[in-house]
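*Asks:* Quick one, structure for this:
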Amino acid sequence: QLKLAESGGGVVQAGGSLRLSCTASGRTVNAWALGWFRQVPGQDREFVAAIRWSDGHPYYANSAKGRFTISRDGAKGTASLQMDNLESEDAGTYYCATTGPRSTIVTLTRFYEQWGQGTQVTVSS
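*Replies:* Sure thing, here's the model as predicted:
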């Protein structure tokens, strides 16, 4: 069974940077895409960014464009989310997740099959 594990969360000042990592284990990633979602208490998970696993094509939420960069290493089964110029609104628990192999919609949680446990990002002003 595929397992995903996030790392790299922490506390950062507004305007600072963090790099989140997602590591897959258990079996080879066989997904259309790997995505990152953010969740704050009392709210649904919100799409942040995704990457098409086959060729690395990125997708970004409007809030992430120009500040976040998603990447992946298919051979290693890892993905990263570089977050720059962080704002207070970026705080939350970040989850990485993988879609099914034919699920081409990357912005909605219901198309993702496997999720990590999350990593906390705190942005102080």
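*Asks:* neighbouring contacts of the helix or strand residue 19 falls within?
*Replies:* Applying DSSP states H and E as the criterion places residue 19 in strand 18-25. By C-beta atoms under 8 Å, 6 or more residues apart in numbering, the surrounding residues in contact with strand 18-25 are 2-10, 12, 34, 36, 77-83, 86, 94, 96, 98, 116, 119, 121. Bear in mind the C-beta positions are built from the backbone N, C-alpha and C, glycine included.
*Asks:* Name whatever forms a beta bridge with the residue most central in space within the chain.
*Replies:* Residue closest to the mean C-alpha point of the chain, counted by C-alpha atoms, centre = their mean, is residue 36 at 2.0 Å. Under DSSP bridges, the beta-bridge partners of residue 36 are residue 49, residue 96.
*Asks:* and it, what pLDDT?
*Replies:* pLDDT for residue 36: 98.
*Asks:* Name whatever forms a beta bridge with the closest residue to residue 97 other than its chain neighbours.
*Replies:* Sequence neighbours aside, residue 112 is the residue nearest to residue 97 in space, at 3.9 Å (criterion: C-beta to C-beta, 6 or more residues apart in numbering). Beta-bridge pairing of residue 112 under DSSP bridges involves residue 99.
*Asks:* Could you do residue 20 as well?
*Replies:* residue 81.
*Asks:* Start at 726, not 1
*Replies:* Noted, 726 is the first residue going forward, which turns the last one into residue 745.
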